[in-house]
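Generate coordinates for the sequence data below:
(one chain, ligands or ions: 2)
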Amino acid sequence: MNSDKQAINDSADSPSNAFPALGSDNLKIALADGNKQFSYAQLNRRIDRFAIGLLAGQNDLNEARVAFLLPASLDYVSTLFGIWRAGGIAIPLNIAAAEAEMDHYLNSAGVTQVIANEADQAPLRALCARLHIKLLSVEGVLNDNPGNLPRIDENRRAIIVFTSGTTNKPKGVVSTHKALRAQITTLLKAWAWNENDIIPLFLPLHHIHGIINILCCGLWAGATVHLFARFDIANITRQVAINTYTVFMAVPTIYVKLIQHLEGIEHADAQNICAGFKCMRLNVSGSAACPMKVFEQWQALTGQALLERYGMTEIGMALSNPYCGERRAGYVGLPLSGVTVQLFDENDQPITGENQAGEIRVKGDNVFLEYWGGLETTQESFIDGWFCSGDIAVVEKGYYRIMGRSSIDIIKSGGYKLSALEIENTLLNHENILEVAVIGVEDEVWGEVVTAFIVLKTGARLKYQDLKTWCDKRMSPYKTPRAIKIVDTLPRNAMGKVIKPDLQVLDGVWGQE
Ligand code: MCA
Ligand code: AMP
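Ligands and ions are numbered 1, 2, ... in the order given. Take a look at the predicted model:
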């Protein structure tokens, strides 16, 4: 593979050894973006041009943090891999982030450069100026001069992905090149990725599901990745109906939305789409629990037994139903090769038998290095070398089943992990809100929906739509409560802590769209 790569690296004098790797067939299409297609040779060369431009004469970025705010595109991929080849740490940003969130990402990670399209730079200008961060475009970085790329030790930091925790602000999860390699290679094998695969990528590109499971696995396998800026159901299903894809990966909400879409369109069109799914070699569901009903409906419509797997930003994928063998509805299967999984009881004792619930703890090369700038938080999340996931599971007849999370303050909405505390802290800045408690309420489409129970200041009023508009500038749209309930008081225990399980039975006035 390296010799082919060297042959086309005509801009870089020293080929990069940074992981993840790319497919070796130069003529094959790596990326498709609308009507445009880019071969592996074109992609490789553009990544080198970007890396050389970013180095700007230095030998190595030495783990400088380079953030980027780019939609799924050739530019996104050139930037991600270019940062790796130049020795930087890549920080993919949420394109829907509000300014306060962006401020936190850039500031807490000590970002030195941000890459964004000219058209999207305006809202970033003042923030970058204040934080003394260079704001650049991909075009502005690309450089045609020859240059050397650094050798990257695989233990070096490669990426920071922000994830919500139970605490206030999102934490930056740092993974090394070695961890990424482990996360990718285990999936290549487990799910039989190959260069004939063609996969649509419509998931957000600031999370592991989109970045690692789809983009990096696809490109490492030498497959073709079709880029979509968003979950464009009409265009994606049009391609499915003409049998474009071999593999499909999505969160459960997307399968629910697809089922609703199929039920709402002409029978013949639905038949074609179902046939397109049927002829794929694999449909994967993950990032949140796939309800058994969805598994069954999908199988009835398309003949596909969804392969459900379990993962986390800190560890990549850990558990998976088998590619060949029984895919059991409601279960996440078995540990992936190279990943050690153990359930522990509340006394930190390993659970050896079946049918006893415990916390999932994980060891392996796939596990992240640290939370950026969070030595204490990192230490707290490991016990005896095991990463403690906070997810509770049980093994039944050989397969793991996820039962829930140890914290009620983590919400999963449409596959996004959200912190109730972070949302509460933002809402408390509203001039009419005295007290607030946020929970995830079970929902057929979203898994859970963010719901806020609010006590208003004396004499104050609050309409749902006004609160939603207020939230627009302060949080990503998917964090905004989709329903609020105005209540007289919040139930609290003797310590003054809100008793969240009691919230749903409170009397109050609902507000929602
Ligand atoms: C969109 N909206 C949401 C969400 N997404 N509300 C709550 N939760 C959400 N997840 C709101 C929008 O703000 C908008 O509100 C309305 O829904 C329609 O938005 P639209 O963008 O059109 O919706 P959509 O395209 O149907 O988006 C749904 C989606 C998206 C495609 C399911 O949420 C999504 O891409 N989720 C995947 C997240 C993901 O990749 N998670 C992986 C992290 P309004 O109408 O009021 O403006 S977990 C991970 O990486 C680990 C390692 C793992 O295991 O995979
Ligand atoms: P994130 O931190 O955004 O990577 O989300 C990881 C979390 O998503 C895990 O800790 C689980 O709570 C949840 N998750 C991922 N896959 C599944 C699954 N198949 N079933 C249930 N929960 C899942």
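
contacts, neighbours, all on C-alpha from now
Noted.

Which residues of the stretch 251-400 of the chain lie near ligand 2?
Listed as neighbours of ligand 2 in the stretch 251-400 of the chain under the rule Cα under 6 Å from any ligand atom: 286-289, 308-313, 332, 391.

ok, now with 8 Å
Near ligand 2, the residues belonging to the stretch 251-400 of the chain are 285-290, 308-314, 316, 331-332, 389-391 when assessed by Cα under 8 Å from any ligand atom.

cool, the chain as well?
The interface of the chain toward ligand 2, taken as Cα under 8 Å from any ligand atom, is made up of 163-165, 207-209, 285-290, 308-314, 316, 331-332, 389-391, 402-405, 412, 415-418.

how close does the residue lying farthest from the centre of the chain get to ligand 2?
If you look at how far each residue of the chain sits from its centre, by Cα atoms, centre = their mean, the farthest one is residue 459, at 41.9 Å. In this structure, residue 459 lies at 39 Å from ligand 2, with Cα to the nearest ligand atom, to the nearest Å as the measure.

helix, strand or coil for that residue?
The three-state assignment at residue 459 reads coil, by DSSP: H, G, I helix; E, B strand; the rest coil.

Would you mind identifying the next helix or strand past the helix ranked longest in the chain?
Longest helix of the chain, by residue count under DSSP state H: helix 40-55. Per DSSP states H and E, helix 40-55 leads on to strand 65-69 as the next helix or strand towards the C-terminus.

what packs against that next one?
For strand 65-69, the packing partners by 3 or more Cα pairs under 8 Å, 6 or more residues apart in numbering; DSSP states H and E come out as helix 74-86, strand 89-92, strand 113-116.

mind giving me JSON lines with those and columns for mean neighbour count and mean pLDDT?
Output for the helices and strands packed on strand 65-69, formatted as JSON lines (neighbours: other Cα atoms under 10 Å; pLDDT from 0 to 100):
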{"stretch": "helix 74-86", "mean neighbour count": "26", "mean pLDDT": "98"}
{"stretch": "strand 89-92", "mean neighbour count": "26", "mean pLDDT": "98"}
{"stretch": "strand 113-116", "mean neighbour count": "23", "mean pLDDT": "98"}
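
Tabulate those (a markdown table), appending distance to ligand 1.
Supplementary listing: the helices and strands packed on strand 65-69 in a markdown table, determined by distance: least, Cα to the nearest ligand atom, whole Å:
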| stretch | distance to ligand 1 |
| --- | --- |
| helix 74-86 | 16 |
| strand 89-92 | 13 |
| strand 113-116 | 20 |
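
Separate out the buried members of the residues of the chain next to ligand 2.
Neighbour-count burial within these applies to 163-165, 207-209, 285-290, 308-314, 316, 331-332, 389-391, 402-403, 405, 412, 415-418; the criterion is 16 or more other Cα atoms under 10 Å.

In helices, which of the residues you listed appear?
Within those, residues falling in helices by DSSP H are residue 208.

The spatially closest residue to residue 246 that is not a sequence neighbour: how many residues sit nearby?
The spatially closest residue to residue 246, leaving aside those adjacent along the chain, is residue 280, at 4.3 Å (Cα to Cα, 6 or more residues apart in numbering). Residue neighbour count, defined by other Cα atoms under 10 Å, stands at 20 for residue 280.

residues in contact with residue 280?
If you count contacts by Cα atoms under 8 Å, 6 or more residues apart in numbering, residue 280 has them with 243, 245-248.

mind running it again at 10 Å?
Applying Cα atoms under 10 Å, 6 or more residues apart in numbering, we find residue 280 in contact with 197-199, 240, 243-248, 302, 304.

which one of these is nearest residue 133?
Closest approach to residue 133 among the contacts of residue 280 (Cα to Cα): residue 199, at 35.4 Å.

The closest one: which element?
Secondary-structure assignment from DSSP H and E places residue 199 in strand 198-201.

Which neighbouring elements make contact with that strand?
Using 3 or more Cα pairs under 10 Å, 6 or more residues apart in numbering; DSSP states H and E as the contact criterion, the neighbours of strand 198-201 among helices and strands are strand 29-33, helix 217-221, strand 224-227, helix 233-241, strand 247-250.

wait, what's in contact with residue 503?
By Cα under 10 Å, 6+ apart, the neighbours of residue 503 are 437-439, 452-453, 485, 487, 490-491.

same question, residue 60
With contacts defined as Cα under 10 Å, 6+ apart, residue 60 is in contact with 51-52, 54, 85-88, 148-152.

re earlier: can you redo the helices and strands packed on strand 65-69 as JSON lines, where the extra columns are distance to residue 297?
Converted to JSON lines, the helices and strands packed on strand 65-69 look like this (distance: least, Cα to Cα, whole Å):
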{"stretch": "helix 74-86", "distance to residue 297": "35"}
{"stretch": "strand 89-92", "distance to residue 297": "35"}
{"stretch": "strand 113-116", "distance to residue 297": "41"}
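
Out of those, which gets nearest to residue 384?
So among the helices and strands packed on strand 65-69, strand 89-92 is nearest, using Cα to Cα, at 27.7 Å.

No more questions from me, cheers.
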